[in-house]
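Engineer: dropping the sequence and predicted coords here.
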Amino acid sequence: MGNARLLIVEDDTDIANMLNIFFSGQNYEVDMAFRGTDALEKTRQNLPNLIVLDIMLPDIDGFEVCRILRTNTRTSHVPIIFLTQKDERSDKLQGLELGADDYITKPFDIDELKLRVQRAIERSEIQSLTDPRSGLPAGRLIEEQLRKIIRQDNWTYMDLRIQHLEIFEEAYGFVAGNDVLRFTSMLLTEVVDELGSINDFIGHPGGDCFIVITWVEDAKLMQERIEQRFNEEILSHYNFLDREKGYLTLTDNSGRSVRAPTMNIAIGSVSPTQYEFTDIREITEMAADARRKSN
């Protein structure tokens, strides 16, 4: 479960710091929020794999935080474990009705909480709800969005692919490749937040492929901004010499040195304003074809 991202939402600094130290020692990436509004902002900026959420917070309570997250397209899938001093049956039912995945009462056993966190993240990944590297919706959640939009108008579906990621991983290793996937997830989130709406959807079907679903009127500028930012900012993942050269030098199977290109992003998009779709596979196939033709 290493490198999964946790957001701890707890206004008691002693408990928050204890959880931070413990889960960081378990190889989780831990972020903390002491207020409900801060939790919403941190979730928007960097999607966690799971949220440990206290009910009693100094501004809005955990129930309201959960409700807002569950009604936002981009955060509705994130597992939530309520952490609270309340042990009333009505409170547990309210949390579960709002879509919480689990509930643990203070004082709690830290090892029990660790197991609940592990199992919630594992369930999410096994059910193909999220990609373990980017934390973005995957598999079934993407299919659900496609079935939803095919009955609607005025949307655009973007198919995005990181070109030459496999070459980069060959030179720099899979850990650096995973950093690129997380970078891409954060970049897409920032651009969609800037130019889109809370109902826009970002997904990671797997590997070097991502998707964005947005409104037709936002799509053109959003695509241009993603391409411009990615192709500029991705260079920071290379060392100084490779950035200066503008290419990688690799050794082929015969021992010769060959030049390999640096990464860029290719995007293809489709919309019901262009085509009439009868099946969700047509959406993904046409967008992939548009992306290949954009190269």
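Structural biologist: Cool, the structure landed. Numbering: from 1, shown residues only.
Engineer: counting by contacts, list what whichever helix or strand L6 is part of packs against.
Structural biologist: Assigned by DSSP states H and E, L6 falls within strand 5-9. For strand 5-9, the elements it packs on are helix 13-25, strand 29-33, helix 36-45, strand 50-54, judged by 3 or more Cβ pairs under 8 Å, 6 or more residues apart in numbering; DSSP states H and E. Where C-beta positions appear, they are placed from N, C-alpha and C, glycine not excepted.
Engineer: closest to I265 out of those?
Structural biologist: Relative to I265, the nearest member of the helices and strands packed on strand 5-9 by Cβ to Cβ is helix 36-45, separated by 20.6 Å.
Engineer: quick revisit: next, the angle from the strand holding L6 to strand 29-33.
Structural biologist: Between the axis of strand 5-9 and that of strand 29-33 there is an angle of 20 degrees, by axes from the mean of the first three to the mean of the last three Cα atoms, to 10 degrees.
Engineer: got the contact list for stretch 217-227?
Structural biologist: Applying Cβ atoms under 8 Å, 6 or more residues apart in numbering, the external contacts of stretch 217-227 come out as 154, 156, 158, 160, 187-188, 191-192, 194-197, 200, 212, 214, 265, 267, 269, 271.
Engineer: SS state for R123?
Structural biologist: Three-state assignment for R123 (DSSP: H, G, I helix; E, B strand; the rest coil): helix.
Engineer: can you tell me how far it sits from C66?
Structural biologist: According to Cβ to Cβ, to the nearest Å, R123 stands 17 Å off from C66.
Engineer: looking at these two, which is more packed in?
Structural biologist: Neighbours of R123 and C66, each counted by other Cβ atoms under 10 Å, are more numerous for C66; the result is 25 against 13.
Engineer: thought A100 was touching that one, still the case?
Structural biologist: Yes - if you go by Cβ atoms under 8 Å, C66 and A100 touch, sitting 5.8 Å apart.
Engineer: next, give phi and psi for the residue positioned nearest the centre of the chain.
Structural biologist: Geometric centre of the chain, nearest residue: L136, 2.8 Å, by Cα atoms, centre = their mean. Taking degrees, to the nearest 10, you get phi -80, psi 160 for the backbone angles of L136.
Engineer: out of everything not next to it in sequence, what's closest to it?
Structural biologist: Distance criterion Cβ to Cβ, 6 or more residues apart in numbering; nearest residue to L136, sequence neighbours excluded, is H204 at 3.9 Å.
Engineer: now swap in L57 and tell me
Structural biologist: For L57, ignoring the flanking residues on the chain, the nearest one in space by Cβ to Cβ, 6+ apart is G36 at 4.6 Å.
Engineer: check which residues of whichever strand or helix holds Y103 are buried.
Structural biologist: Element membership of Y103, judged by DSSP H and E, is strand 102-105. Across strand 102-105, burial judged by 16 or more other Cβ atoms under 10 Å covers 102-103.
Engineer: can you offset everything so residue one is 465?
Structural biologist: OK, 465 is where the count begins now, so the last one is strand 566-569.
Engineer: shaky segments in the stretch 515-664 of the chain?
Structural biologist: Applying pLDDT under 70 to the stretch 515-664 of the chain picks out residues 550-556, 592.
Engineer: try it again with 50
Structural biologist: Applying pLDDT under 50 to the stretch 515-664 of the chain picks out no residues at all.
Engineer: now the strands: where do they sit in it?
Structural biologist: For the stretch 515-664 of the chain, the strands defined by DSSP state E, counting those that start in this stretch occupy 544-548, 566-569, 619-627.
Engineer: and of the ones you listed, who's closest to T477?
Structural biologist: Shortest separation from T477 across those is recorded for strand 544-548, at 14.4 Å, computed as Cβ to Cβ.
Engineer: quick one: strands adjacent to the closest one?
Structural biologist: strand 514-518 (parallel), strand 566-569 (parallel) (DSSP bridges).
Engineer: CA atoms only: put the shortest one into PDB for me.
Structural biologist: What follows is strand 566-569, C-alpha atoms only, in PDB (Å, rounded to 0.1, in the frame of the first residue of the first chain):
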ATOM      1  CA  ASP A 566     -16.400   3.100   7.300                       C
ATOM      2  CA  TYR A 567     -16.700   4.500  10.800                       C
ATOM      3  CA  ILE A 568     -14.400   4.200  13.800                       C
ATOM      4  CA  THR A 569     -14.900   5.700  17.300                       C
END
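Engineer: now do it: distance to the chain's middle.
Structural biologist: Here the centre of mass of C-alpha atoms in strand 566-569, compared against the chain's by Cα atoms, centre = their mean, to the nearest Å, lies 25 Å away.
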